[in-house]
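In: What follows is a predicted protein model with its sequence.
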Amino acid sequence: MSLSNAIEAILFYEGGAVLYGKIARLLDEDIQAIKESIISLKDRYQGTGLMIIETIDSVAIATDKEQSAVIDALRKEELEGPLSKASEETLTAILYCGPIEKAKIDYIRGVNSGAILRALSARGLISRSSGNNLSGYSYSATPDLLAYLGLTKENDLPDFEATRARLSNITES
C-alpha cells in the first residue's frame with residue numbers, strides 16, 4: 001500500500017484533524033515523508049468533492065467548498081429529520097456504555113461513526129468531553145436525549161445492566 005493511501009485511510013477513519021506526529025508514528029515514517037504524501041493527496045482530490053485541509057500540526061479530509069449547498073441540505077436533514085438507523089445504533093452504544101470513546105463506538109458498529117457523532121452532537125443529544133485518557137474524546141448522553149426518550153436516567157433503559165455488561169465484554173475483547 002502506498003504511503004498516501006495509508007494516510008488517506010487514517011484521515012477517513014479519524015473523521016477529523018489528525019496530528020502529523022500521530023500519522024508518522026502509526027506509519028513509522030518521518031513527518032517530511034508524510035507531508036510530501038499529503039501533497040499527492042491534495043493533487044488527487046483536485047476537481048472532486050473532497051479537499052485536504054492542513055494546519056501547522058495537523059491535516060484532515062473535508063468536503064470541497066463547492067459542495068456547500070449539498071452539505072448544507074444534508075446537515076439540515078440530519079438536524080431536523082428523524083433519526084437514522086446509524087444514529088440509533090450510535091445512541092444505543094452511548095446510552096448503554098457511556099461515557100464511551102469513538103473507537104469503541106466504531107468497534108461496536110463496525111464502521112466510522114464520526115459524521116453521526118457530529119450530527120448527534122449538533123442536535124444536542126450527546127456531549128463530548130476530553131476524559132482522563134489518551135484515547136480521545138468520550139461521548140455521553142445529554143439530558144435532552146433522556147427527555148427525548150422519556151427517561152430520567154440511563155438505568156431506566158430496558159435490561160440496562162445486562163446489556164451494558166454484554167457491550168463491555170465486546171469492547172474489552
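Out: Noted; the coordinates are in hand. Numbering: from 1, shown residues only.
In: any chance you could map the helices in this structure?
Out: Shown for the chain, the helices assigned by DSSP state H span residues 3-14, 20-27, 31-45, 68-80, 85-97, 102-109, 114-122, 143-149, 160-172.
In: And the pLDDT for the residue nearest the centre of the chain?
Out: Nearest to the geometric centre of the chain sits G114, at 2.0 Å (Cα atoms, centre = their mean). pLDDT, G114: 87.
In: measure it to D144 for me?
Out: G114 sits 21 Å away from D144, going by Cβ to Cβ, to the nearest Å. Yep, even glycine has a C-beta here, placed from its N, CA and C like the rest.
In: just L26 next, same as before
Out: Taking Cβ to Cβ as the measure, L26 falls 36 Å from D144.
In: burial count for L3?
Out: 17 (other Cβ atoms under 10 Å).
In: so it makes contact with D30?
Out: No - using Cβ atoms under 8 Å, L3 makes no contact with D30, being 10.9 Å away.
In: that older thread, which pLDDT value goes with the spatially closest residue to the residue nearest to the centre of the chain that is not a sequence neighbour?
Out: Excluding its sequence neighbours, the residue lying closest to G114 (Cβ to Cβ, 6 or more residues apart in numbering) is G15, at 2.3 Å. With respect to pLDDT, G15 scores 77.
In: Burial check on G15, number of neighbours?
Out: 18.
In: check contacts around it.
Out: Neighbouring residues of G15 by Cβ atoms under 8 Å, 6 or more residues apart in numbering: K102, N112, S113, G114, A115, L117, R118.
In: and which of those residues is nearest I126?
Out: The closest of the contacts of G15 to I126 turns out to be L117 (Cβ to Cβ; 7.0 Å).
In: quick one: contacts for the closest one?
Out: G15, T90, K102, I105, I126, R128, Y139.
In: The last one: how many residues sit nearby?
Out: This points to Y139. A total of 27 residues lie near Y139 under the criterion other Cβ under 10 Å.
In: ok, it to G98 distance?
Out: Noted for Y139: a distance of 6 Å to G98, by Cβ to Cβ.
In: and T152, how many residues sit next to it?
Out: Neighbours of T152 (other Cβ under 10 Å): 10.
In: How about I126?
Out: I126 has 26 neighbouring residues, counting by other Cβ under 10 Å.
In: what do you get for A17?
Out: For A17, using other Cβ under 10 Å, the count is 15.
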